[in-house]
Each structure stands twice: as C-alpha cells, then as structure tokens.
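Undergrad: Quick one: sequence plus predicted model below, questions after.
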Amino acid sequence: MAAGTSPATRGSGSGLALMGGLRQNVLLALLLLAWFWAPNLDTPLDQRGAARQQPSVTTYLTDSRSQAYNEAGQLVEILAAERIAYRDADNISELSQPRYYAHDGDDRSWSLVAQRGTLRHATEILSLRQDILLTNDQSGGTLATRALTLNLRSKTATSMVPVTFTQANNQVTADGMRADLTTQVIHLEPNVESLYVPPGQ
C-alpha cells in the first residue's frame with residue numbers, strides 16, 4: 001500500500017492517559033476506581049461474606065484513552081472509548097464507540113472504529129461489533145464490516161462476515177478476511193468479487 005502520514009491521535013477521546021502496557025493500563029485504572037468507589041470498609045465482618053457472593057459491581061469510565069509505548073519511548077497503540085464498563089467477575093470490559101490506533105514505528109499505521117466492543121483482558125482479544133471501519137492511514141484504503149476480532153498481542157484482525165474493501169475507485173467484497181497490521185497484508189476470502197467505479201460515477 002502507498003506510504004503516507006497520519007496523526008497519532010486519531011479519535012477524540014480524552015481524560016485518562018496512561019503509560020505502559022495498553023490492556024494492563026485499562027485494567028489497572030478500572031480496578032483502582034472500583035476500590036475507591038466501593039471499598040466496603042464499613043460493612044460488618046459477618047455481612048461481608050454474603051456481600052462477596054453478590055455479582056461484582058460494574059465499574060465505569062467515560063471518555064477513556066489509554067496509550068502504550070515501546071522500550072524506545074515510541075507510541076505504538078492507543079485505545080479510546082466513549083464509555084467502558086468493567087466486569088470484575090469475568091475480567092471483561094464492554095466498550096461504547098471504541099477507537100483503536102496501531103503504529104509499528106516505521107511510518108505505518110492503522111485506525112479502527114466501531115460502535116461496540118468487548119475487551120477480554122486475559123487474552124487481549126478485542127471483539128468489535130456494528131459499523132466497523134478499518135483504515136490504512138497511508139494508502140487511505142478502508143475495510144468495512146459488522147463484526148471483527150482484533151488480537152492485540154499479534155496485531156492481527158479477522159472477520160467471518162461479509163467485508164468491503166475500498167481504495168480509490170476499486171471496491172472488493174468478500175465473505176471474510178484476515179489482516180496483519182504489522183506487515184499490512186490483507187487476505188480476503190471466500191467469494192471475492194471486485195468492482196471498479198470510474199471517477200465521477
């Protein structure tokens with residue numbers, strides 16, 4: 001894909017800005033908020049056992065933004081969301097309007113937006129749903145779909161539902177795809193169809 005540049009701050013999330021591992025930062029912030037909001041220190045000892053049997057209280061963050069840097073101090077990831085709801089019982093966060101940005105340190109970056117997402121902290125898997133748009137910031141190519149799974153460790157994305165890839169006047173559709181955000185290689189399969197739309201039409 002063609003090379004280019006893109007701001008490292010795609011998305012407008014603001015508020016929480018954390019350093020270090022991206023997923024660990026989100027989890028740490030949620031756990032700290034859960035402690036300060038509901039430490040339960042005034043509950044009699046004989047009542048705490050019953051309280052622990054109740055479903056974990058969900059912790060919320062709004063306008064959240066977490067950043068991760070490599071050992072050289074270069075920005076490699078941004079994860080932002082309008083709202084995050086963390087469930088301690090299963091170590092999962094539900095995200096509203098998540099935005100993800102990945103940079104490999106070689107002027108190659110991707111941006112990803114969706115309406116909803118689920119982050120599994122233990123496996124670092126981000127499952128996105130509804131109005132998903134994956135953009136190669138250098139070439140301007142976009143991939144649209146309604147469900148996509150992003151592995152934050154391997155920087156790979158997969159979709160098992162129809163996808164539409166658009167670049168310039170070319171449009172390609174398929175029933176699924178696999179993408180490596182580091183090598184910038186996208187595999188579309190199966191049932192791939194290509195359409196060229198002349199300028200002005």
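TA: Received, thanks. Numbering: from 1, shown residues only.
Undergrad: Could you give me the buried positions within stretch 94-103?
TA: The neighbour-count check on stretch 94-103 (16 or more other Cβ atoms under 10 Å) flags 94-95, 97-103 as buried. C-beta here means a position set from N, CA and C on the backbone, and glycine is covered the same way.
Undergrad: before we move on, what about stretch 174-184?
TA: Buried positions in stretch 174-184, judged by neighbour count with 16+ other Cβ under 10 Å: 174, 176-177, 179, 181, 184.
Undergrad: What is the end-to-end distance of it?
TA: One end of stretch 174-184 to the other measures 18 Å (Cα to Cα, to the nearest Å).
Undergrad: what is the mean pLDDT for it?
TA: Stretch 174-184 carries an average pLDDT of 92.
Undergrad: right, and the helix or strand after the least confident helix or strand in the chain by mean pLDDT?
TA: Lowest mean confidence among the helices and strands of the chain (mean pLDDT, DSSP states H and E): helix 45-52, at a mean of 49. Proceeding N to C from helix 45-52, the next assigned helix or strand is strand 59-69, under DSSP states H and E.
Undergrad: Name every strand pairing with the very next helix or strand once past that following strand and say which way it goes.
TA: Next helix or strand after strand 59-69 toward the C-terminus (DSSP H and E): strand 75-87. For strand 75-87, the paired strands and their directions (DSSP bridges) are strand 59-69 (antiparallel), strand 92-96 (antiparallel), strand 99-103 (antiparallel).
Undergrad: How much space separates the residue lying closest to residue 176 once chain neighbours are set aside from residue 58?
TA: Of all residues beyond its chain neighbours, the one nearest residue 176 is residue 160 (5.1 Å), with distances taken as Cβ to Cβ, 6 or more residues apart in numbering. Distance, residue 160 to residue 58, using Cβ to Cβ, to the nearest Å: 29 Å.
Undergrad: now residue 88
TA: To residue 58, residue 88 is 8 Å away according to Cβ to Cβ.
Undergrad: quick one on the thing from earlier: show me which of the buried residues of stretch 94-103 is closest to residue 72.
TA: residue 103 (12.2 Å; Cβ to Cβ).
Undergrad: and the residue lying closest to that closest one once chain neighbours are set aside, what pLDDT?
TA: Nearest residue to residue 103 in three dimensions, chain neighbours excluded: residue 109, at 4.4 Å (Cβ to Cβ, 6+ apart). Here the pLDDT value assigned to residue 109 is 88.
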